[in-house]
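Visitor: got a predicted model here, sequence first, then my questions.
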Amino acid sequence: MTTAHLHDPADSLSATFERTAAEIRDHTVTVRGLMGLVGEQGLLIVCVFLSIPFLFPVAIPGTSTVFGLLIGLIGFGVMANRLPWLPARLLDHPLQAKHVTPVLVKGAQWARRFERLIRPRWLVLTHGPTVNRLNGLMLVVAAASLLAPLPMVPFSNTIPALGIALLALGMVERDGGVVVLGHLASLAGAAYVGAILWAAWHAGSGLASLFG
């Protein structure tokens, strides 16, 4: 089981991303090291970071599977209302600093635009065992959509990633309105990805029958 700290509401998400970017001094940083730099913001803020490469044209090569699995495991941890077990192989996966830093900078820019709109509200949707199970389940659903093998399909990663970012940010900032938006985006992403996979399977079955 890994360690995590409570969110410090005095430290904004944009400030956390900017501070983390400034503290990366080596050529590489592991996911474990990144979590240590994020510090008090906790695992949900790590989820926001992990979703950013799928939202904007900034890439961290070869990480879609790693990031999707980490988000899914964190989602299971939210469902269980406890810190999740995270495999050492994922935590020690090295990331190039030259790719990570632009993601953090882009995330800070994105967060700064929306921080004024985010505030504690609809608190019944942000805490409690039943709500945590539902919110964690949506994180898992969005992470599963992110892992679908559809690299060239427009928005197949973007919509689930948006759901992940909104869910995690809404939970950490106690904003039930943002959590609701995260649920809607996660469900939309799952429906979209599911429809594409079904269409691909149906088309493949049709072609197989022609040559069968």
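Guide: Yes, it's here.

Visitor: OK, contacts around the closest residue to P94 other than its chain neighbours?
Guide: Leaving aside its chain neighbours, P94 sits nearest to T28 (4.4 Å; criterion: Cβ to Cβ, 6 or more residues apart in numbering). Just so you know, the C-beta spots here come from the backbone N, C-alpha and C atoms, and that holds for glycine as well. When contacts are counted by Cβ atoms under 8 Å, 6 or more residues apart in numbering, T28 is found next to 94-97.

Visitor: of those, which is the nearest to V180?
Guide: L95 (31.9 Å; Cβ to Cβ).

Visitor: which one of the contacts of T28 is nearest to G72?
Guide: Nearest to G72 among these: L95, at 18.4 Å, using Cβ to Cβ.

Visitor: shouldn't M152 be within a strand?
Guide: No. M152 is assigned coil when assessed by DSSP: H, G, I helix; E, B strand; the rest coil, not a strand.

Visitor: so for the helix or strand I164 falls within, mean pLDDT?
Guide: Counting by DSSP states H and E, the element that carries I164 is helix 158-172. Regarding helix 158-172, the rounded mean pLDDT is 90.

Visitor: show me the beta-bridge partners of L95.
Guide: The bridge-partner assignment for L95, based on DSSP bridges, gives V29.

Visitor: tell me the pLDDT of the residue nearest to P94.
Guide: 86.

Visitor: longest helix in this protein, by residue count?
Guide: helix 176-211 (DSSP state H).

Visitor: could you list every helix and strand in contact with that one?
Guide: Contacts defined by 3 or more Cβ pairs under 8 Å, 6 or more residues apart in numbering; DSSP states H and E place helix 176-211 against helix 129-146, helix 158-172.

Visitor: can you mark which positions in the longest one are buried?
Guide: So the one you mean is helix 129-146. In terms of neighbour count (16 or more other Cβ atoms under 10 Å), helix 129-146 has its buried residues at 131-132, 135-146.

Visitor: quick check: angle from it to helix 176-211?
Guide: Calculated by axes from the mean of the first three to the mean of the last three Cα atoms, to 10 degrees, helix 129-146 forms an angle of 40 degrees with helix 176-211.

Visitor: contacts made by helix 129-146 with the rest, please.
Guide: Contacts of helix 129-146 (Cβ under 8 Å, 6+ apart): 47, 54, 64, 67-69, 71-72, 74-81, 124-126, 156-157, 159-161, 163-164, 167-168, 171, 179, 182-183, 185-187, 189-190, 192-194.
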